[in-house]
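> Fold the following, please.
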Amino acid sequence: MKPRFRQLEAFHAIMDSGTVTGAAEKLGISQPGISNLLSQLEASSAIKLFERLHGRLVPTPEADILFEEVDTLMRGLDRTSQTLNDLQSNRLGQLQVASQHSISFGFMPRLIAEFAAERPDVTISFQSQYSGKVQEWVAAGLFEIGVCEAPLFHENLNAYQMPFETYIALPDGHPLAQHEILTPEILRDVPFVVMGPQHPTQRRLRQAFDDAGVPLNARVHSHLFKNLLSFVKQGMGVALVDRFASEYDEPLGVTMRRFAPEIPMDMAVVTSKSRQLSRVGQDFHDLLIESLRSRSTKGF
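Purely as a prediction, here's the structure:
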């Protein structure tokens, strides 16, 4: 006959506490109840587990061997119970986030570190990639949460979209830094470091210059706002960048100014329509949106 869990629990409590009285207190049942469960275990297994000497229970060698196995079981159950408590309080789980490049160097690591500070057992998977690939990963279920630039290319995505103002980055000491707001007319003939022609901000920048009847002097083409900022620091030109590229970058060497007409960069927090967020994921999703929203209306 297989032993019942309650019998093993009583046996473990006796071995752990050393007495029937201690076992009864630990399990919250009567001493006769503990003795009865122990008798049932010995009878069903046909193994004598304790010698009764001078009113005390002395474990037999067989009891010591059994205790090693039962102790592993009980500690595993304790760990399982703790895991359930941690999951209920969102202290355990896995956070899976992917983001476009500009917020991946400073903003996202700081936000994830803030989130993880109270969740030491949460494991984290974070990747940065181009926006189209981020959308693809989230739609395929490889990541729970993604941050990307619009437009969206996948129908299987929930999206919370927000616009962020872009700024002109000038090398420190540039004469145009005397202006609080820069326009195409003011920037006539000034060399620019620009994103690729398909990037939304680059298309909007060129359109703003075309509408003003001013040619855009694109001197350097690159693919990341971080790269644009580095070229600006080297004096290669000025650049239109999002606030994240400079907010979490070493500011030495660059001055930021607003641009008119305003050119927004549309960003979205995306999740899969076919995959429910985990408790940890939902908490981070809420924190992420709150943090991004606070920055979408702020200026330098």
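> Tell me where the stretch 151-300 of the chain has strands.
Listed in chain order, the strands of the stretch 151-300 of the chain (DSSP state E, counting those that start in this stretch) span 157-171, 181-182, 192-194, 218-221, 238-242, 254-259, 264-272.
> elements contacting the fifth one?
This means strand 238-242. In this structure, strand 238-242 makes packing contacts with strand 157-171, strand 192-194, helix 200-211, helix 225-233, judged by 3 or more C-beta pairs under 8 Å, 6 or more residues apart in numbering; DSSP states H and E. For glycine as for every other residue, the C-beta is placed from the backbone atoms N, C-alpha and C.
> angle of that strand against helix 225-233?
150 degrees (axes from the mean of the first three to the mean of the last three C-alpha atoms, to 10 degrees).
> orientation of strand 238-242 relative to strand 264-272 in degrees?
Here strand 238-242 runs at an angle of 40 degrees relative to strand 264-272 (the same axes, to 10 degrees).
> Neighbouring strands - and their directions - for strand 238-242?
Note on strand 238-242: by DSSP bridges, its sheet partners are strand 157-171 (antiparallel), strand 192-194 (parallel).
> deepest of these, which one?
Compared across the strands paired with strand 238-242, strand 192-194 shows the largest average neighbour count, a mean of 24 (mean count of other C-beta atoms under 10 Å).
> Pull the distance from that one to the chain's centre.
33 Å (C-alpha atoms, centre = their mean, to the nearest Å).
> Over to stretch 112-126?
Worked out by C-alpha atoms, centre = their mean, stretch 112-126 lies 6 Å from the chain centre.
> Residue 70 contacts residue 14, correct?
No: between residue 70 and residue 14 there is no contact under C-beta atoms under 8 Å: 10.7 Å.
> So for those two, which residue has more residues nearby?
Using other C-beta atoms under 10 Å, the more surrounded residue of residue 70 and residue 14 is residue 14, with 27 against 19.
> contacts for the helix or strand of the chain with the lowest mean pLDDT?
Ranking every helix and strand in the chain by mean pLDDT, DSSP states H and E puts helix 243-247 at the bottom, with a mean of 75. Outside helix 243-247, the residues that touch it by C-beta atoms under 8 Å, 6 or more residues apart in numbering are 102-103, 106-107, 164-167, 169, 225-226, 228-229, 254, 256, 295, 298, 300.
> mind running it again at 7 Å?
Residues from elsewhere that reach helix 243-247, judged by C-beta atoms under 7 Å, 6 or more residues apart in numbering: 102-103, 106-107, 164-165, 167, 169, 225-226, 229, 254, 256, 295.
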